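Novice: dropping a prediction and its sequence here:
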There are 2 protein chains.
Amino acid sequence: MKGIRQLAEQLNISIGTVSRALNGKPDVNEETRRRVLAAAEELGYVANQSGRSLRQGETKVIGLMIESSKETVENADNFFLGVTSGLQSVFARHKLDLLMLPCPSDEDPHEYLKRMVARRIVDAMIISDTQRVDRRIDFLSRAKIPFVALGRSLSASNFPWIDLDFEGVADHAVERLITLGHRRIAITAPSSEANLGYLFIDSYRRALERHDIPFDPSLVIRVRSSEQGGYQAAHELLLLEERPTAVILIYELMAIGLYRRLTESGVMPGRDLAVIGFRDAPRARFLQPSLSCFRISLYDLGVALGRMLLATMPAYRDFYPGGERNIIWPLELMPGESDAFRVGVMG
Amino acid sequence: MKGIRQLAEQLNISIGTVSRALNGKPDVNEETRRRVLAAAEELGYVANQSGRSLRQGETKVIGLMIESSKETVENADNFFLGVTSGLQSVFARHKLDLLMLPCPSDEDPHEYLKRMVARRIVDAMIISDTQRVDRRIDFLSRAKIPFVALGRSLSASNFPWIDLDFEGVADHAVERLITLGHRRIAITAPSSEANLGYLFIDSYRRALERHDIPFDPSLVIRVRSSEQGGYQAAHELLLLEERPTAVILIYELMAIGLYRRLTESGVMPGRDLAVIGFRDAPRARFLQPSLSCFRISLYDLGVALGRMLLATMPAYRDFYPGGERNIIWPLELMPGESDAFRVGVMG
DNA sequence: CATACAGTCGTAAACGTTTACGGAGTGCGT
DNA sequence: ACGCACTCCGTAAACGTTTACGACTGTATG
């Protein structure tokens, strides 16, 4: 209970030997090691992390920073937990633990990060919700703290990140809708400074222009990515004088609110308005009509994130050679009923 | 960068004084303190947590253990993040940090907890998803680690917990439905060993019997608490020879799947079948028909949890006197359209 | 003038580990 | 007998803090 010293005393061995035995060092008799391990097991001894960290300058802990902003809380889904499983499956192999660091909503994420890093609670970080310019990235780069970002950013020139393929999704969605005869296609984007919104809209615009459809800013609806935001989005769509025939949602669960608002006005999703969603979720399939949705494999994403992070850490680099430093994570379209109709056949 | 020693050197002061200055100890000249604080700010010095923890035997970190079981991931909503905000608002006052400890799905929660506690990563714990008998509770009690459980348990006799008022909800829901004329009322429960399921069903049964309605086990549907589970639940309901006229859901988002499956068979929720949900979420309001739902104030719940936890910790006890050791957390009914009809008028 | 006391600061020990170093013992070849 | 290599283990320093203790002023008190 009192530490390695007690353990050593009980065994009549020096603490040095006990430590070596527990840590699998070679210069210890196998018989002694057996005894040490047995005693440790019996007494429930586990090394005090503070002492260990202090000595070796590392904590064996990886931090996953998440923001509990209002928006994140509102649209919170299984996203982080899903990614977490994948991450842990990688970290477990190296006896690394994953801790989630929730940044309080009233604290600046950058300050929070600095605090956590300075306190040496973690060896490395995974940050998410990257902003267009994100000081955290500059800070981590300069401080030489290993990290991976979930999301691109304009900050710093060359840092490891994985990002969802927003461009591919917007592109694919637009192409699909145009093929189905749509010409007037709306799209939703977050109202925040999150980088993903910009990428999403840019790609949407390029896809349209490729088909000689002029970009109409009034078709870009900036709302929160939640049920409530979906409701609001539908509301704004209905106010447009020339109503679009399709809408691309940046977050799947917005469909719930969207459906609701549409039905209130007698507009039927999947017949009067095509809807395509985005981000994870077999859950989209349970909507009525079921949502056409681009799906993410969260577990695999977590694995990729974990590997990329370890590849940047000297101690583990050798285990993950030749990995890429940046990945655009592909999404897979799961066709549903929400956009399964053709429009404008009369030309 | 190198620690308190550098800081002291630069200021030509001993490290002891620097430490005292930074920690607000009284026996240091105000002028010196000013200089120290300024230098610390400039150099971005923050005390190394390992050194500090080692010395004082505490980490200033509270752990919130969450399980990333398949079920939790599936029905993950804003629950933990919502609670987190409330917790942090309390902890911030004492300069405590909250870390989330996600137990890997392939590790025994009890072992995981033991590991984390033994490593001294946290000073205190908040555990959730308590099982009917939960070894974690015995362990924490015996090891004298301060903790609060989110959820009752049969383990140990007297430990601090807050639990949602499942009994009140089941009771209230049954009463309401009976008033509306229902006699055949189904209910869903999780298939796991989680304690909440038992409480939920027990209370449901008692409420029924109070009205001389016999308890029919076939009306208890054990499915996962997710959209998919809702779909499955509806499926099973439809298979019953004598179909119930109402159903009580243990988790709100199940309604999505439930609605879906019902509509597939031409049964209209809110007209042919009354539905009442449970747990948080204004989101229930965006369903169609909107879900009658018992709502939780997650933030307030977090605050209560935080206070109860600190009240058990000697260092903070004095700030939170006279608090209760157990709380049954009330829920508020938000009436919707999903059960707004009367049945069996013909008697 | 001796003493007490408050205010300020430096010294050094302690927290629980890990690990470089060296020593004791053994076996083996010369 | 001697040297050498090898195995195993003990010793002690180091990691970065906090804090009990005492030292040193200056001032008030007897």
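Specialist: Received it, and whenever you're ready, just let me know what you need.
Novice: show me which residues of the stretch 51-200 of chain A sit near DNA strand D.
Specialist: Within the stretch 51-200 of chain A, the positions near DNA strand D by Cβ under 7 Å from any atom of the strand are A:51, A:54-55, A:57. In this view, the C-beta of every residue, glycine as well, is placed from N, C-alpha and C.
Novice: ok, residue A:10 to residue B:114 distance?
Specialist: Going from residue A:10 to residue B:114 by Cβ to Cβ, to the nearest Å gives 20 Å.
Novice: more neighbours, the two?
Specialist: residue B:114 (18 against 13; other Cβ atoms under 10 Å in any protein chain shown).
Novice: ok, for the more buried one, nearest residue in space, not its chain neighbours?
Specialist: residue B:139 (6.4 Å; Cβ to Cβ, 6 or more residues apart in numbering or on different chains).
Novice: just residue A:294 next, same as before
Specialist: Nearest non-adjacent residue to residue A:294, counting by Cβ to Cβ, 6+ apart: residue A:331, 4.0 Å away.
Novice: with residue A:253 instead?
Specialist: Nearest one to residue A:253, counting by Cβ to Cβ, 6+ apart, is residue A:227 at 5.8 Å.
Novice: any weak-confidence spans in the stretch 201-347 of chain A?
Specialist: Residues of the stretch 201-347 of chain A meeting the criterion pLDDT under 70: A:280-283, A:344-347.
Novice: what does it have sitting close to chain B?
Specialist: A:226-228, A:230-231, A:253, A:256-257, A:259-260, A:263, A:282-283, A:286-288, A:290 (Cβ under 8 Å from any Cβ of the partner chain).
Novice: PyMOL command to pick out the buried ones of these?
Specialist: Only the buried entries of those go into this PyMOL selection, using 16 or more other Cβ atoms under 10 Å in any protein chain shown:
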select buried, chain A and resi 226+227+228+230+231+253+256+257+259+260+283+286+287+288+290
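Novice: show me the residues of the stretch 201-347 of chain A next to chain B that map onto strands.
Specialist: Taking DSSP state E, every one of those sits outside strands.
Novice: scan chain A for its longest helix.
Specialist: helix A:195-210 (DSSP state H).
Novice: just checking, what packs against it?
Specialist: strand A:161-164, helix A:166-179, strand A:185-189 (3 or more Cβ pairs under 8 Å, 6 or more residues apart in numbering or on different chains; DSSP states H and E).
Novice: rerun that using 7 Å as the cut-off
Specialist: The helices and strands touching helix A:195-210, judged by 3 or more Cβ pairs under 7 Å, 6 or more residues apart in numbering or on different chains; DSSP states H and E, are helix A:166-179, strand A:185-189.
Novice: in space, what's closest to residue A:36 - neighbours in sequence excluded?
Specialist: residue A:21 (3.9 Å).
Novice: contact partners for the residue nearest to residue A:253?
Specialist: A:253-254, A:256-257, B:283, B:286 (Cβ atoms under 7 Å, 6 or more residues apart in numbering or on different chains).
Novice: same check on residue A:230?
Specialist: Counted by Cβ under 7 Å, 6+ apart, residue A:230 has contacts A:249, A:254-258.
Novice: swap in residue A:125?
Specialist: A:63, A:65, A:140, A:145, A:147.
Novice: switch to 6 Å and redo it
Specialist: Residues counted as contacts of residue A:125 (Cβ atoms under 6 Å, 6 or more residues apart in numbering or on different chains) are A:63, A:147.
Novice: what about the closest residue to DNA strand C within the stretch 151-300 of chain A, how many neighbours?
Specialist: DNA strand C sits closest to residue A:160 of the stretch 151-300 of chain A, with a gap of 26.5 Å, by Cβ to the nearest atom of the strand. Applying other Cβ under 10 Å, we find 18 other residues in the vicinity of residue A:160.
Novice: kindly report the same for residue A:42.
Specialist: Applying other Cβ under 10 Å, we find 10 residues neighbouring residue A:42.
Novice: format the contacts of residue A:227 as a markdown table; extra columns: distance to DNA strand D.
Specialist: As requested, the contacts of residue A:227 are arranged in a markdown table below (distance: Cβ to the nearest atom of the strand, whole Å):
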| residue | distance to DNA strand D |
| --- | --- |
| A:253 | 44 |
| A:254 | 46 |
| A:256 | 49 |
| A:257 | 49 |
| B:283 | 44 |
| B:286 | 49 |
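Novice: how about those residues, which pair is most distant?
Specialist: Largest separation among these by Cβ to Cβ: A:254 and B:283, giving 10.8 Å.
Novice: what parts of the stretch 201-347 of chain A come near DNA strand D?
Specialist: So the stretch 201-347 of chain A never meets DNA strand D (Cβ under 7 Å from any atom of the strand).
Novice: mind listing the strands for the stretch 201-347 of chain A?
Specialist: Ranges of strands in the stretch 201-347 of chain A, per DSSP state E, counting those that start in this stretch, are A:220-222, A:246-248, A:274-278, A:292-295, A:326-329, A:332-334.
Novice: CA atoms of the third one as CSV?
Specialist: If I follow you right, that is strand A:274-278. The C-alpha coordinates for strand A:274-278 follow below in CSV (Å, rounded to 0.1, in the frame of the first residue of the first chain):
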residue,chain,number,x,y,z
ALA,A,274,-34.5,15.9,-51.5
VAL,A,275,-32.3,15.6,-48.4
ILE,A,276,-28.8,14.3,-48.0
GLY,A,277,-27.0,14.0,-44.7
PHE,A,278,-23.5,13.7,-43.5
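Novice: between helix A:166-179 and that strand, find me the angle.
Specialist: Our comparison of strand A:274-278 with helix A:166-179, counting by axes from the mean of the first three to the mean of the last three Cα atoms, to 10 degrees, yields an angle of 160 degrees.
Novice: now do the residue nearest to residue A:253 against residue A:49, distance only.
Specialist: To residue A:49, residue A:227 is 41 Å away according to Cβ to Cβ.
Novice: skipping its backbone neighbours, what lies nearest whichever residue of the stretch 201-347 of chain A sits closest to DNA strand C in space?
Specialist: Nearest to DNA strand C in the stretch 201-347 of chain A, going by Cβ to the nearest atom of the strand, is residue A:315, at a distance of 10.9 Å. Of all residues not flanking residue A:315 in the chain, residue A:58 sits nearest, at 7.6 Å (Cβ to Cβ, 6+ apart).
Novice: just to check, that neighbour is in contact with residue A:123?
Specialist: Yes - if you go by Cβ atoms under 6 Å, residue A:58 and residue A:123 touch, sitting 5.1 Å apart.
Novice: more neighbours, the two?
Specialist: Neighbours were counted for residue A:58 and for residue A:123 using other Cβ under 10 Å; residue A:123 has more, 20 against 16.
Novice: what sits against that one?
Specialist: A:58-59.
Novice: so how many other residues sit close to the closest residue to chain B within the stretch 51-200 of chain A?
Specialist: Per Cβ to the nearest Cβ, residue A:118 is where the stretch 51-200 of chain A lies closest to chain B, at 3.3 Å. Residue A:118 has 16 neighbours, counted by other Cβ under 10 Å.
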